[in-house]
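> Fold the following for me, if possible:
(4 chains)
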4 protein chains.
Amino acid sequence: MSNIFLVFSTPYSHKAIVINPALQIKTMIKVGIAGASGYTGLELLRLLIKHPEVTITAITSEKYQGQKLADIFPSFGGFSDLKFSPLSSGIAGECDILFLALPHTTAMNQVPAFLNGDCRVIDLSADYRLKSQETFQQWYSVPHEQKETLDQAVYGLPELHRDSIQSAKLVANPGCYPTSVLLAVLPLIATDWVDLDSIIADCKSGVSGAGRKAVINTQFAECNEAVSAYGLGTHRHTPEIEQEISALKGRTIKVTFSPHLMPMTRGMLSTVYLNLKKDLALEKLDKHYREYYKNEPFVRLLNLGTFANTHTVQASNYCDIGLAVDARAGRVIITSAIDNLVKGAAGQAIQNMNIMLGLDEKTALDSPGIFP
Amino acid sequence: MSNIFLVFSTPYSHKAIVINPALQIKTMIKVGIAGASGYTGLELLRLLIKHPEVTITAITSEKYQGQKLADIFPSFGGFSDLKFSPLSSGIAGECDILFLALPHTTAMNQVPAFLNGDCRVIDLSADYRLKSQETFQQWYSVPHEQKETLDQAVYGLPELHRDSIQSAKLVANPGCYPTSVLLAVLPLIATDWVDLDSIIADCKSGVSGAGRKAVINTQFAECNEAVSAYGLGTHRHTPEIEQEISALKGRTIKVTFSPHLMPMTRGMLSTVYLNLKKDLALEKLDKHYREYYKNEPFVRLLNLGTFANTHTVQASNYCDIGLAVDARAGRVIITSAIDNLVKGAAGQAIQNMNIMLGLDEKTALDSPGIFP
Amino acid sequence: MSNIFLVFSTPYSHKAIVINPALQIKTMIKVGIAGASGYTGLELLRLLIKHPEVTITAITSEKYQGQKLADIFPSFGGFSDLKFSPLSSGIAGECDILFLALPHTTAMNQVPAFLNGDCRVIDLSADYRLKSQETFQQWYSVPHEQKETLDQAVYGLPELHRDSIQSAKLVANPGCYPTSVLLAVLPLIATDWVDLDSIIADCKSGVSGAGRKAVINTQFAECNEAVSAYGLGTHRHTPEIEQEISALKGRTIKVTFSPHLMPMTRGMLSTVYLNLKKDLALEKLDKHYREYYKNEPFVRLLNLGTFANTHTVQASNYCDIGLAVDARAGRVIITSAIDNLVKGAAGQAIQNMNIMLGLDEKTALDSPGIFP
Amino acid sequence: MSNIFLVFSTPYSHKAIVINPALQIKTMIKVGIAGASGYTGLELLRLLIKHPEVTITAITSEKYQGQKLADIFPSFGGFSDLKFSPLSSGIAGECDILFLALPHTTAMNQVPAFLNGDCRVIDLSADYRLKSQETFQQWYSVPHEQKETLDQAVYGLPELHRDSIQSAKLVANPGCYPTSVLLAVLPLIATDWVDLDSIIADCKSGVSGAGRKAVINTQFAECNEAVSAYGLGTHRHTPEIEQEISALKGRTIKVTFSPHLMPMTRGMLSTVYLNLKKDLALEKLDKHYREYYKNEPFVRLLNLGTFANTHTVQASNYCDIGLAVDARAGRVIITSAIDNLVKGAAGQAIQNMNIMLGLDEKTALDSPGIFP
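Sure, this is the predicted structure:
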C-alpha cells in the first residue's frame, strides 16, 4: 500500500520486482510453503505475512488439508484466509519462491521437478545441505540420488555464501545448530590463533527445534524442569558443521558437537571451545570479531564481559555473540545465541529469499527480539 | 522511508502529521517514555521503534541514567542509540506524546505540568483511571489532589471510548486485568440476558505483570511450577472494572475479581461468569459478540467450541474471546486472552496514541502473535 | 527392617498385617499396579517403593512389557528390579491390593473378575466413581454394564467416606478436580451461610493431569507459555462433584466447573465461588473450616490472608486451603491447592489403601512438599 | 517410633547414638541450621525433618527472626513448630551438628568458635573448601584468616574423602558444580586414557542455585525462556575443581569451566570433555566407571546410549552419569546430572552427617527422584 512507487533492481533479472509504470501496481513475489503446519512453516507464515513484497499463494499440510490456517492456528486470525492443501507437484508452478519446510527426505526427490521452471526453492530440510552423497547416506541412512541437483544447491548461510545465494536456484537452508556454531567460529578460521582440531561445540536448544510432532519425548511433563544431553557425537548436524569449516580451511576438520535439550520453547545457545596456539588478548579477539562482522546485518557482538543469552534474540533473526578468553587454561570460548526458529530456520530462509530477489536483506526481519 | 509521500489528516489539528511539500520531509511524531526500563516501558520501545510515524526523543530511568538502552537491554542492539536520562520536568517540552510507564503515584502530581503545553500524555499507571477521588484514595491509600486534571482524563479503552480518546490531552491507559475483563463482558451489558450483579472474573496473569522489580515473590524459583491466588476481593483493579460497567449500565455494579499468578512470562486469561436470566443459545451469544465487535481491529471471536488461550495472542495486541453457555447451571462463561504487556499495557497505549493522532489505529500493532 | 517388632490390628481381618511371633517376620502387603508406566502409575511406584508395609509384586504396561522399570525410567535406578508385564486376568491372584491406573473404560469390565478372590481393588480411573449408570453413559458415552460391582464401589475421598473405605473391596479413587473442589466446599454444605446453587469452580491444572500420551495438545511447545480454558461446562469431572455435594445436601445441586491448563507439570488450584446468604465474617469462616478439618491429616488451613499456592504442596499429599470473603460483592472464595498426581491421584489412592488395611493413614505420605 | 530398639555403633565415639537401656529412649542427634530460610537451608529442613535419628533444635534467619517456619513456608505446615532465631554464638552449644547454609564469608570467622566444644560443623558455603589461603583470597577477594581451622577442614565429597569425613570436626561441603564435575571425571584421573590438561566442563544449572535473594537477574521474567552463559573462565567453583583433581594427580591441572543458567528451578547437568590419548571402546569406559562406583550408594551409571538428564534425579541425592566416546574426534564426553539443592548441597551435607555419625549413609536420602 505505502510502497506503491518504489522500484527495485535485482541482480537476478527474471525475478526482479517489476513495477508497471502504467498501472502503478507492484508485482508481488508469489511464495509457497510446503509443510506450513510445522513450527518452521508457521514461523515462515508469521514473518512472510508481514513481508511487503510477498504474497503467499499456497500452503500445504497433509494433516490439515482443506482447513483454514486461522481455524487451526488462531494466532493468524484476521491475517489470512489461506487454506491448507496437500503437497502436489504443481505447487512450483504457482510460486516464484517455494519454501520446503518438510521432514528430511520427504520431498528430496521432488526438488528437481520443482526447479524445472521459474520457481526457485529454499529447502529448510537437510536434504541438500551436504555436498557429498556418501556423507549424506552415512548420516541419514538413505542414499542421495539427486546428484545433479545437489551440485546446484547453495548452502544458505548468508554470512558465508551471500554471493552464491543471490543467483542460486536451490538454497539448502542451514540447520539451526550449524548456524549458531558456524557464526561462532567463522572469524577464527583464517587466523593462526587457535587449533582448529580442538573445536568442541556444546549446544543447548529449545524444544521447538524437535518440530511439531506428537511424541512422548517432547511432551510438556517430560521436558519441563529437565535439561538433558542427546545424540552426543552422533547428531546429524555434525557433518554440516565440519563441511563448511573444512571447506574454508582447505582440509578435513573434525568437530565434537554435543546437543542438549532445554526446558524452553525457542532459543539456541552454543558454547564453542577452541585451544589457543598462542596468548591472545580478549580485546584483540573482540576487535577481530567486530571487524569480521561489521557489515553483517544480523550478527551482533555483545559488550565485553557479556555472554550470549537466548532471551535477547527471542523471535528475532539476530545472532548475538559473546567472547571469552580463558587465559589460565589456554582456550577461547565463543558463545552465540539465536532463535532456532528464526535465524536457525525460517528467518534465515527469508533472509536468503531477500538476497535471491535482490531485496533489502533485512526486509520483514529487522525487529528487535521479544523481551521479556 | 517508503512512506514519504503520504499525507494524513487528523481530527486533532495541532498534532496533525504535516508534510512539508517543499522539502518532501515528513514530520515525525516525537514521543518520550518515562520509566522506559520497566517491562511496560521496554514493550513500548519494542513497538515504537518499528512505528513508521514516530521518533523516540527521550527515555527515562533513574536506575540506568546515562547508560545506553542497548547496553542494558541487548535485544535493542542495532536499533537505537538512545540513552536513559532521569525524569525531568522538561521532558514534556521535547515530546508530542509522553508515555508514563511509572509505578503508581510516582508522577501523579507532575502530570498537570506535563500537560501545560502541546504535549499529550498517555499514562500507563493507575493514577488517572478512577474518576472518583474518594475511590482512588480508598484503594490506593493516598489522596488524589489533581481534581482538574482527573476530570480531563479519558479512560483509554478504545473499544469503549474511542471518540473521547481522539481528542484527549490525557489518556489513562487501562489496567491489564480490566482490559481483559471489560472486553469479555462489554457486549452483555446492554442485553437483558444476564444478571450483571453476578459477575465473577477469575483472572490468570503471567509474571511480567508484576513489573521489573527485585522482589522475592517473583523470583524464578518462587513462581516456577506454581499457580497461586492473590489479592482476592481486594485487588486495585476491581474499582476500575466496576467503574466502567457501572457507567454503562447507569447503576452501581459490584464485581468479584480474583487475580492469580501463572508460571509464564506474558499472557492473561480471564474467565468471566454471569448468571443467565433466561435460556440462551450459544449460537445467539456468538452472533451477538461478532456483531458487537465487528469493527474492532483487535478483538477476535474464536470459533465456537474453542476457548481463549494466551498462547495465540503472545506478543500481539489482540484480544481473543471464546464463549460458553453452561445451560445445565444457567450461566454464560466468557473467556478472553490478551498479552498483558501488549493489549494489557504498551500495545493499547500505542493504539490510543494512533487514535489521538488520527493515524491508522493498527499502525505498528498488526502483527500476528508468536506461536509457538 | 526397623519395623520388625510392630503389630498392627486392622478392622478388615483377612488383610491384617500378621506378625509370625516364631519367625519374627512381618508379612508384607502385596500390591500390583496396572498401568504403571503412566504418570499416575509412576507416582504410585515412587510412593509405594518407600512404603514400609508393602511389596510391589506386579507392574503392568502393554507398551513396555518385558522391559525393566529402571531402564525406561532411570529415576528408579537402584530401587527396583521390577519388569513390566502385560495386564493379565491373573494379576489379582498375586496381589492383596490392586491399583488400576488405566485409561477410563480400559479395565472396567475386568474389575468383577479381579474382585473374585481376596484381592481388593483401588481404581484410579473414572469407571466406578459415578453411582448412576445413566449419568456414566451420558458423560462417558459408553454404557456401564457392571451394576452389581458399581453398587459395591466406594467413592474414595477419605475426608468424606473414611468408614466405608475401610471395609470396601472396591474403591473408586476420586478425580483430581473433584478432590480439590470437594475439599474446598465440604465444610460449607451443612451450613446455611451460602447458596449451594451458586457454586462456580474455576480450576487450574498442571499438564501431567493429561497423562503420559503422545499427543500434540500437550507437547512442550504448545503448553509452555500458555494458559487456556478447556471443556467449559462439559468436563467429565462435573457429575462427580455434583454427585457428592448432592448426596450430602439431599437434593440435586448443579455446579459450574471450568478446567484450565497451566504451564507447569504438577499442581492444581481450585478457586471456588459461592454467594453468601447473609453477612459472614472471615474469622468465623476460618474457625469453621479449622474445626471441620481438625482431625484430617492431609488438609491444612492457611493463615488468614494467605491463599492457596500449588508450590507449597508439590509432590506431597496435602491439600492447602485459603479463604476469602468478598463482603462487597457478597461471596465467599475458597482456594484449594493439591498436587494432582498425589492427593489428586496416587497419594490419595495410597491413603485409601492405608485406611483399607488399618495402617496409619499417613504411612508413606507424610513428607513435606518440595520447595522450591 | 519404630526404631526404638536399634543400637548403633559409630567410629566417632563421643557422638555415638546411645540408647539408654533403662529408659529405652534413643538419644536423638541435635542439629542446628544457620541460614535456614535460604533454598539450601529449606532443603536441609525438608530432608532432616524426615531423618529418624535427628531432632532439629535451632534454625536461624535474620530476616524472619521470631517468625514460625510454617508461617513463612507453608510446605512445612504440620511438620514443625520451629521458629527462626537470629544467628548467635551460642548456637553451637545446642547442637551436635551445625549446618552453615549462609552466604560465603558470612560466618567464616565464627567457625573456630562453633568448633570450640562438642559441636561438629558442616559448612555449605565456600569458606573452607579451598586449602590454600592464597587461592581463596584470589578468587573470593577477601583474605582468609583462619589458617588453623582451614587445615582441619575436610572437603566433603564422600566419593573421594569418606574416611576423613568420618572423623572430621569441620566438613566443607562441596559446591554444586564441583560435585557434578568431579563425579564425572574422578574415574578417569588414575587412567592413562585421557589428557587431563584438556578438561572442559560445560555446566548447566537451575536457577535455585543462585539462592533465595531478591535480585533482578533471577526474576522469573528474566530467566524464563532464557538460556545464558555467565562467569566463563572466572567462576569461583573453578579452583575447587582444580584443587581436587590436582591433588589426586599430584600435579597442577587447569580446567576450563563454563557455567550456564537454565530456565528451571532445580537440576544441574555437566558435560565434561577430555581428549583421548589412545583409542578407547565405550564398553571399556562403561565397565571402568561401573567398577569405580560399584560401592557408591548415590552414583548411578546410565545404560549405554543414555545420557544424563536432570529430570531423573530431581529432588533426590543421586548423581546419574552417562558416557560417550566421540571416536571420530578423539574425545570422551561424560555427562552427569544432580539436583543442585540435594547432591549439590543439602543432600550431600546430610550424607556427610550420616558418615560423621556412623549412620547408614543413605538415611533420609534414599528416595527416588520426582518424575515427572
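
> Now for the closest residue to A:A226 other than its chain neighbours, how many residues are close by?
Distances taken as C-beta to C-beta, 6 or more residues apart in numbering or on different chains put D:H311 closest to A:A226, at 3.5 Å, once the chain neighbours are dropped. Using the backbone N, CA and C atoms, a C-beta is placed for each residue, glycine as well. D:H311: 29 surrounding residues under other C-beta atoms under 10 Å in any protein chain shown.

> my guess is D:H311 contacts A:E225, does it?
Yes - with contact defined as C-beta atoms under 8 Å, D:H311 reaches A:E225; the gap is 6.4 Å.

> Can you pull the residues that touch both of the two?
In terms of C-beta atoms under 8 Å, 6 or more residues apart in numbering or on different chains, D:H311 and A:E225 are both contacted by the residues D:G267.

> Please tell me how far the closest residue to A:K50 other than its chain neighbours sits from A:V54.
Once flanking residues are discounted, A:K50 sits nearest to A:A364: 5.5 Å by C-beta to C-beta, 6+ apart. Going from A:A364 to A:V54 by C-beta to C-beta, to the nearest Å gives 8 Å.

> Can you pull up the residues of the stretch 151-300 of chain A that come close to chain B?
Residues of the stretch 151-300 of chain A that fall close to chain B, judged by C-beta under 8 Å from any C-beta of the partner chain: A:208, A:212, A:225, A:265-266, A:297, A:300.

> Out of those residues, which two sit at the greatest distance?
Pairwise distances across those peak at 37.0 Å for A:E225 and A:P297 (criterion: C-beta to C-beta).

> Same drill for these two, tell me which one is more crowded.
Neighbours per residue (other C-beta under 10 Å) separate A:E225 from A:P297, with A:E225 holding more: 25 against 17.

> burial count for the residue lying closest to A:E145 once chain neighbours are set aside?
Excluding the flanking residues, the one nearest A:E145 by C-beta to C-beta, 6+ apart is A:N109, at 6.8 Å. When counting by other C-beta under 10 Å, one arrives at 13 neighbours for A:N109.

> One more: A:T55?
13.

> Leaving out the residues flanking it, which one is nearest to it?
Looking at A:T55 with C-beta to C-beta, 6+ apart, the closest residue is A:M28, at 4.2 Å.

> Name the residues of stretch A:92-103 that are buried.
Neighbour-count burial for stretch A:92-103, counted by 16 or more other C-beta atoms under 10 Å in any protein chain shown, picks out A:92, A:95-102.

> Put together TSV for the residues you listed, with distance to chain B, pLDDT and secondary structure on each row.
Compiled in TSV, the buried residues of stretch A:92-103 are given as follows (distance: C-beta to the nearest C-beta, whole Å; pLDDT from 0 to 100; DSSP: H, G, I helix; E, B strand; the rest coil):
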residue	distance to chain B	pLDDT	secondary structure
A:A92	26	95	helix
A:C95	21	96	coil
A:D96	21	97	coil
A:I97	20	98	strand
A:L98	22	98	strand
A:F99	17	98	strand
A:L100	20	98	strand
A:A101	14	98	coil
A:L102	18	97	coil
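
> Is A:D195 in a helix, a strand, or coil?
Secondary structure assignment for A:D195 (DSSP: H, G, I helix; E, B strand; the rest coil): strand.

> Work out for me the element the closest residue to it other than its chain neighbours sits within.
If the residues on either side of it in the chain are set aside, A:D195 comes closest to A:N275, at 4.5 Å by C-beta to C-beta, 6+ apart. A:N275 is located in strand A:268-276, with elements delineated by DSSP states H and E.

> now that strand: how far from the chain's centre is it?
19 Å (C-alpha atoms, centre = their mean, to the nearest Å).

> And the helix or strand just after it, how far out from the chain middle?
Elements were assigned by DSSP H and E; along the chain past strand A:268-276, the next helix or strand is helix A:282-292. Averaged C-alpha coordinates place helix A:282-292 at 25 Å from its chain's average position (C-alpha atoms, centre = their mean).

> Helix A:282-292 close to chain D?
No - remark: helix A:282-292 sits outside contact range of chain D, by C-beta under 8 Å from any C-beta, the gap being at least 9.8 Å.

> pLDDT averaged over that helix - what is it?
The pLDDT scores in helix A:282-292 average 98.

> how about that helix as CSV, C-alpha atoms only?
Provided in CSV are the C-alpha atoms of helix A:282-292 (Å, rounded to 0.1, in the frame of the first residue of the first chain):
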residue,chain,number,x,y,z
LEU,A,282,40.3,-10.6,24.7
GLU,A,283,40.3,-7.1,23.3
LYS,A,284,42.1,-8.3,20.2
LEU,A,285,39.7,-11.1,19.8
ASP,A,286,36.8,-8.7,20.2
LYS,A,287,38.2,-6.3,17.7
HIS,A,288,38.7,-9.0,15.2
TYR,A,289,35.1,-10.3,15.5
ARG,A,290,33.7,-6.8,15.2
GLU,A,291,35.7,-6.2,12.1
TYR,A,292,34.7,-9.6,10.6
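
> The stretch 151-300 of chain A: strands as residue ranges?
A:154-155, A:170-172, A:194-205, A:228-229, A:256-261, A:268-276, A:299-301 (DSSP state E, counting those that start in this stretch).

> May I see those strands arranged in JSON lines, with mean pLDDT and mean neighbour count as well?
Shown next, in JSON lines, are those (pLDDT from 0 to 100; neighbours: other C-beta atoms under 10 Å in any protein chain shown):
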{"stretch": "strand A:154-155", "mean pLDDT": "98", "mean neighbour count": "22"}
{"stretch": "strand A:170-172", "mean pLDDT": "98", "mean neighbour count": "27"}
{"stretch": "strand A:194-205", "mean pLDDT": "98", "mean neighbour count": "23"}
{"stretch": "strand A:228-229", "mean pLDDT": "98", "mean neighbour count": "26"}
{"stretch": "strand A:256-261", "mean pLDDT": "98", "mean neighbour count": "26"}
{"stretch": "strand A:268-276", "mean pLDDT": "98", "mean neighbour count": "26"}
{"stretch": "strand A:299-301", "mean pLDDT": "98", "mean neighbour count": "22"}
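
> what residue ranges in the stretch 1-150 of chain A score low on pLDDT?
A:1-25 (pLDDT under 70).

> In it, what residue lies closest to chain C?
Residue of the stretch 1-150 of chain A nearest chain C, by C-beta to the nearest C-beta: A:Y39 (6.6 Å).

> That residue: how many residues sit nearby?
Around A:Y39 there are 26 other residues, counting by other C-beta under 10 Å.

> Also the one 4 residues further on?
Neighbour count of A:E43, defined by other C-beta under 10 Å: 28.

> Now for it: which residues touch it?
The contact partners of A:E43, by C-beta under 8 Å, 6+ apart, come to A:341-342, A:345-347.

> what does A:C223 give?
A:207, A:217, A:261, A:263, C:220.

> 7 Å instead?
A:207, A:261, A:263, C:220 (C-beta atoms under 7 Å, 6 or more residues apart in numbering or on different chains).

> Let's have the residues you listed in a markdown table, adding distance to B:D151.
Shown next, in a markdown table, are those (distance: C-beta to C-beta, whole Å):
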| residue | distance to B:D151 |
| --- | --- |
| A:V207 | 52 |
| A:L261 | 57 |
| A:P263 | 50 |
| C:F220 | 51 |
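
> and chain D, which of the residues you listed contact it?
Filtering the contacts of A:C223 for proximity to chain D (criterion: C-beta under 7 Å from any C-beta of the partner chain) leaves A:P263.

> can you name the two of the contacts of A:C223 that are farthest apart?
Maximum pairwise distance among those (C-beta to C-beta): 9.4 Å, between A:L261 and C:F220.
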